[in-house]
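Peer 1: Turn this into a model:
(one chain, ligands or ions: 1)
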Amino acid sequence: MKALQHLNKYLAKYKWRILIGLLITVLSKILALKIPQIIRQSLNVVEEYQQGKITDLVLVKKELLWNIFIIIGVALLSGFFTYLMRQTIIVTSRLIEFDLKNEIYQQYQRLSLNFYKKNRTGDLMNRISEDVSKVRMYVGPAIMYTMNMLVLFIVGFAQMLKVDVKLTLYTLIPFPFLAISIYFLSTIINKRSTIVQQYLSKLTTFTQEYFSGINVVKSYGIEKSIIKDFDAIADESKEKNIDLQFANALFFPLMVLLIGISNIIVIYVGGNLYVENKIQIGVVVEFLLYVNILTWPVAVVGWVTSMVQEAEASQARINEFLEEVPEIENYSNESLEIEGKVTFKDVTFTYEDTNITALKNINFTVNSGETLAILGNTGSGKSTIIELISRLYDVTEGLILLDDKPIKELNLNEVRNQIGFVPQDPFLFSDTIENNIKFGKQDATEEEIMEAAKNAVVHENIIDFANGYKTILGERGVTLSGGQKQRVSIARAIIKNPKILIFDDCLSAVDTETEERILANLEKISKSKTTFIISHRVSSAKNADKIIVLEEGKIIQQGTHNQLITENGYYKNLYEQQLLEKEI
Ligand SMILES: Nc1ncnc2c1ncn2[C@@H]1O[C@H](COP(=O)(O)OP(=O)(O)OP(=O)(O)O)[C@@H](O)[C@H]1O
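Peer 2: Numbers count the residues shown, from 1 in each chain. Take a look at the predicted model:
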């Protein structure tokens with residue numbers, strides 16, 4: 001139960017709702033247990049009339065009619081309280097489920113990139129959906145049914161003892177067997193449903209992946225082999241489902257069997273006591289009704305126990321993520337005005353998971369308003385520099401300064417707010433183009449959106465779509481070309497109007513003419529901004545104030561375009577090669 005203690009704060013938060021719910025449960029069950037008593041009284045009156053103990057038939061009929069009205073009234077009231085009980089306790093469990101999901105989601109947002117690399121997306125999703133729903137069963141149904149069972153049992157047992165001790169003890173003999181067998185059966189059912197769930201998620205992941213890559217599947221003509229793989233998983237999934245259904249199917253027959261045994265005992269023992277004139281016939285009927293009322297709560301003991309065990313395991317998994325300390329922490333809440341000067345001092349960086357040292361002893365300074373272009377072969381460490389500026393990772397050695405202050409000491413949110421980043425592989429949401437651009441500035445006006453799109457040279461493409469800026473992108477919408485995606489992503493960064501603009505090789509999919517136009521626009525916009533341009537093309541870099549060339553994580557050349565074309569080396573070679581390509 002240790003893991004479930006995490007939920008105590010939520011139980012405390014909703015204590016009044018839960019208490020009211022419990023009070024209502026007590027009332028509803030006390031009322032439900034009144035009905036057998038009234039039925040006993042009615043039958044006893046009939047019996048006494050037949051035995052000649054009561055002679056007034058009108059009085060008997062009146063009593064019976066009156067009892068019927070009471071039974072209807074009590075049943076209605078008990079039903080109403082049961083409804084209120086669900087409305088309070090089950091609704092509370094939904095509120096706690098909502099709070100817990102939010103808590104996990106907020107923690108996900110705080111956690112760093114490394115966390116996402118270490119854990120699979122499916123696992124992250126499962127903890128926030130599957131595991132939380134299992135935990136909800138503990139804070140809702142488990143509490144409700146336990147309370148239900150306790151009240152029914154205490155009040156019912158007391159009433160039964162009051163009427164007849166011997167019959168009570170005989171009637172209850174099968175109940176412990178019922179609780180224990182349902183516990184074992186529920187445990188089996190829970191284990192098998194977890195396996196069924198795992199197969200379901202296997203199937204979903206499998207289909208999702210192959211649907212996303214359907215063009216590769218079709219162009220390689222491997223549909224048949226994929227269908228075979230799918231069949232294999234689906235077949236196993238079917239087997240597991242049949243196993244589960246087998247256990248499920250035993251649940252009700254088992255209950256009916258044990259209720260049946262209790263009923264037989266009541267009829268046999270009660271019948272003997274009646275024949276011996278020790279009890280009236282109404283008592284036997286009253287006990288038969290108790291057996292039926294008490295069976296479900298007793299069965300629930302087993303069910304609830306296994307439910308709590310499941311919740312415990314799920315909460316332990318959730319806690320594992322909640323207790324994870326974000327690697328990148330924010331050490332300051334001070335508000336911040338950023339100028340945009342960026343300095344790297346002897347920066348070395350090693351990726352923890354692969355142990356690859358992507359940057360070695362990097363030194364440079366970019367003053368506020370300047371543009372730095374970073375060139376180099378693939379894998380030379382260009383993107384890593386950018387990730388360090390955004391503090392997606394912290395340096396292994398050395399120091400990064402922003403406006404001459406260590407970046408680690410600055411308010412992380414404000415730093416990131418002042419960075420407009422266009423990644424190498426832009427990600428657009430399945431939403432309108434307009435909203436995708438507005439992602440950079442939630443309150444942007446239509447004019448601002450259009451202005452940003454014009455500067456990113458994508459406006460003309462957008463207005464060519466039938467729905468213009470309202471065009472939906474993604475799975476069920478329009479698919480943009482690689483170059484269009486890059487430019488929408490550039491518009492998203494521009495609209496943010498940040499102090500630092502970062503373009504990670506994001507002009508690779510546009511032709512050189514469009515590239516020229518974008519760069520010319522950027523030059524106007526980025527006058528007061530520090531700009532980083534990563535590129536494989538000299539054309540993107542040549543107007544930068546500074547250019548650095550990386551090789552295997554080290555700076556091998558730096559200077560301006562004019563300096564570097566006179567120096568033998570990577571830059572000059574690249575320049576000449578690309579000049580040649582242009583002429584061809
Ligand atoms: N997230 C990561 N985890 C582990 N290693 C990484 C990660 N990203 C990059 N690397 C490794 O770090 C080195 C530098 O990669 P980086 O992405 O910075 O190069 P790049 O110059 O931007 O390459 P490209 O031009 O292909 O984008 C590479 O060897 C790469 O394999």
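Peer 1: From residue 214, how far off is residue 385?
Peer 2: In this view, residue 385 and residue 214 are 36 Å apart by CB to CB, to the nearest Å. In short, each C-beta sits where N, CA and C put it, glycine included.
Peer 1: neighbour-wise, which of the two wins?
Peer 2: residue 385 (28 against 11; other CB atoms under 10 Å).
Peer 1: I'd like the distance between the closest residue to that one other than its chain neighbours and residue 357.
Peer 2: Nearest non-adjacent residue to residue 385, counting by CB to CB, 6 or more residues apart in numbering: residue 374, 6.2 Å away. Applying CB to CB, the value for residue 374 to residue 357 is 17 Å.
Peer 1: Quick check on these two: which one has the bigger neighbour count.
Peer 2: Neighbour count, other CB under 10 Å: between residue 374 and residue 357, residue 374 has more, with 26 against 16.
Peer 1: pLDDT at the more buried one, what is it?
Peer 2: For residue 374, the model assigns a pLDDT of 93.
Peer 1: list the buried ones in the helix or strand containing residue 347?
Peer 2: Following DSSP states H and E, one finds residue 347 within strand 342-350. By neighbour count with 16 or more other CB atoms under 10 Å, strand 342-350 contains the buried residues 342, 343, 344, 345, 347, 349, 350.
Peer 1: Pull up the pairing partners for that strand, direction included.
Peer 2: Paired strands of strand 342-350, with direction, are strand 357-366 (antiparallel), strand 397-402 (antiparallel) (DSSP bridges).
Peer 1: Can I get these in a markdown table including mean pLDDT and distance to residue 232?
Peer 2: Listed next are the strands paired with strand 342-350 as a markdown table, based on pLDDT from 0 to 100; distance: least, CB to CB, whole Å:
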| stretch | mean pLDDT | distance to residue 232 |
| --- | --- | --- |
| strand 357-366 | 92 | 40 |
| strand 397-402 | 92 | 49 |
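Peer 1: So for the ligand, which of the ones you listed sits nearest?
Peer 2: strand 357-366 (3.5 Å; CB to the nearest ligand atom).
Peer 1: does any part of that closest one sit near the ligand?
Peer 2: Yes. For strand 357-366, a contact with the ligand is found by CB under 6 Å from any ligand atom, at residue 358.
Peer 1: What are the contacting residues of that strand?
Peer 2: Outside strand 357-366, the residues that touch it by CB atoms under 8 Å, 6 or more residues apart in numbering are 341-351, 372, 381, 384-385, 388, 396, 398, 530, 532, 545-546, 548, 552-555, 558.
Peer 1: what's the closest residue to the ligand within the stretch 51-200 of the chain in contact with, if anything?
Peer 2: Using CB to the nearest ligand atom, the closest approach of the stretch 51-200 of the chain to the ligand is made by residue 117 at 6.6 Å. Residue 117 is in contact with residue 353, counting by CB under 8 Å, 6+ apart.
Peer 1: That one: helix or strand, and which one exactly?
Peer 2: helix 113-118.
Peer 1: Report all helices and strands that the following helix or strand past that helix contacts.
Peer 2: Next in sequence after helix 113-118, counting helices and strands by DSSP H and E, comes helix 121-126. With contacts taken as 3 or more CB pairs under 8 Å, 6 or more residues apart in numbering; DSSP states H and E, helix 121-126 sits against helix 174-212.
Peer 1: Can you list the buried residues in the helix it packs on?
Peer 2: Buried, per 16+ other CB under 10 Å, within helix 174-212: 174-175, 178-179, 181-183, 185-190, 192-196, 199, 206, 210.
Peer 1: quick one: contacts of stretch 417-427?
Peer 2: Identification of contacts with stretch 417-427 by CB under 8 Å, 6+ apart yields 336, 338, 340, 383, 386, 389-390, 440, 485-486, 488-490, 492-494, 496-506, 508, 534.
Peer 1: Let's see that with 6 Å instead.
Peer 2: 338, 390, 485-486, 489-490, 493, 496, 498-506 (CB atoms under 6 Å, 6 or more residues apart in numbering).
Peer 1: Could you pull out the buried residues of the helix holding residue 117?
Peer 2: 114, 115.
Peer 1: need the contact list for the most centrally placed residue in the chain.
Peer 2: Computing the C-alpha centroid of the chain and ranking residues by CA atoms, centre = their mean puts residue 128 first, at 3.0 Å. Neighbouring residues of residue 128 by CB under 6 Å, 6+ apart: 101, 104.
Peer 1: quick one: it from residue 349, how far?
Peer 2: Counting by CB to CB, the gap from residue 128 to residue 349 is 31 Å.
Peer 1: Residue 516 too?
Peer 2: For residue 516, the distance to residue 349 - CB to CB - is 33 Å.
Peer 1: Show me what the mean pLDDT comes to for stretch 567-584.
Peer 2: Mean predicted confidence for stretch 567-584 is 77.
Peer 1: Kindly report the same for stretch 161-180.
Peer 2: 87.
Peer 1: end to end, how far does that stretch reach?
Peer 2: Terminal residues of stretch 161-180 lie 24 Å apart, using CA to CA, to the nearest Å.
Peer 1: what's the spacing between it and its chain's center?
Peer 2: 45 Å (CA atoms, centre = their mean, to the nearest Å).
Peer 1: Which residues outside that stretch are in contact with it?
Peer 2: Counting by CB under 6 Å, 6+ apart, 160, 258, 261-262, 265-266, 269-270, 279, 283, 287, 298-299, 301-302 sit against stretch 161-180.
Peer 1: Show me what the longest helix along the chain is packed up against.
Peer 2: Determined from DSSP state H, the single longest helix within the chain is helix 223-275. Helices and strands touching helix 223-275, by 3 or more CB pairs under 6 Å, 6 or more residues apart in numbering; DSSP states H and E, are helix 165-172, helix 174-212, helix 281-322.
Peer 1: Export the first one to PDB, keeping only CA atoms.
Peer 2: Listed next in PDB are the C-alpha coordinates belonging to helix 165-172 (Å, rounded to 0.1, in the frame of the first residue of the first chain):
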ATOM      1  CA  VAL A 165     -28.400 -17.000  15.800                       C
ATOM      2  CA  LYS A 166     -28.300 -20.600  14.600                       C
ATOM      3  CA  LEU A 167     -29.800 -19.900  11.200                       C
ATOM      4  CA  THR A 168     -27.400 -16.900  10.800                       C
ATOM      5  CA  LEU A 169     -24.300 -19.100  11.400                       C
ATOM      6  CA  TYR A 170     -25.400 -21.800   9.000                       C
ATOM      7  CA  THR A 171     -26.300 -19.200   6.300                       C
ATOM      8  CA  LEU A 172     -22.900 -17.600   6.400                       C
END
